[in-house]
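Asks: curious how this folds, go ahead:
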Amino acid sequence: MGKKLALPEKAGEDIKTITGILDKWATGAEDVMKDTFGWAKKHKLLVLFFVGCVALYRYWLSEGEE
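Replies: Got it, this is the predicted structure:
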């Protein structure tokens, strides 16, 4: 019964490979988020204008379409 539940011989290598891939993706995602928030900080007025336009359309202009 113990052999049925045992992991394959290369399971450790596979786990290290998957962990490495996930670390690379997490680092990449973190860099994208840092860049995005950095850009948003520099362009606050543009971000506020865009969010205001989306809110205006979403809550006031599209009410007649429902």
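
Asks: any idea how far stretch 41-55 is from the chain center?
Replies: 21 Å (Cα atoms, centre = their mean, to the nearest Å).

Asks: and that stretch, what's buried?
Replies: Across stretch 41-55, burial judged by 16 or more other Cβ atoms under 10 Å covers no residue at all. Every residue, glycine included, has its C-beta placed from N, CA and C.

Asks: so what touches that stretch?
Replies: Residues outside stretch 41-55 that contact it (Cβ atoms under 8 Å, 6 or more residues apart in numbering): Ala40.

Asks: avg pLDDT for it?
Replies: Mean pLDDT, computed over stretch 41-55, is 94.

Asks: for it, C-alpha coordinates in CSV please.
Replies: These are the backbone C-alpha positions of stretch 41-55, laid out as CSV (Å, rounded to 0.1, in the frame of the first residue of the first chain):
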residue,chain,number,x,y,z
LYS,A,41,1.1,58.3,-9.7
LYS,A,42,2.7,60.5,-12.3
HIS,A,43,-0.5,60.9,-14.3
LYS,A,44,-3.1,61.3,-11.5
LEU,A,45,-5.3,63.8,-13.4
LEU,A,46,-5.4,61.6,-16.5
VAL,A,47,-6.4,58.6,-14.4
LEU,A,48,-9.1,60.6,-12.5
PHE,A,49,-10.5,61.9,-15.9
PHE,A,50,-10.6,58.4,-17.3
VAL,A,51,-12.3,56.9,-14.2
GLY,A,52,-14.7,59.8,-14.1
CYS,A,53,-15.7,59.2,-17.8
VAL,A,54,-16.2,55.5,-17.1
ALA,A,55,-18.4,56.3,-14.1
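
Asks: show me the residue at the heart of the chain, geometrically.
Replies: Nearest to the mean C-alpha position of the chain, counting by Cα atoms, centre = their mean, stands Ala29 at 6.1 Å.

Asks: I'm done for today, thanks for sticking with me.
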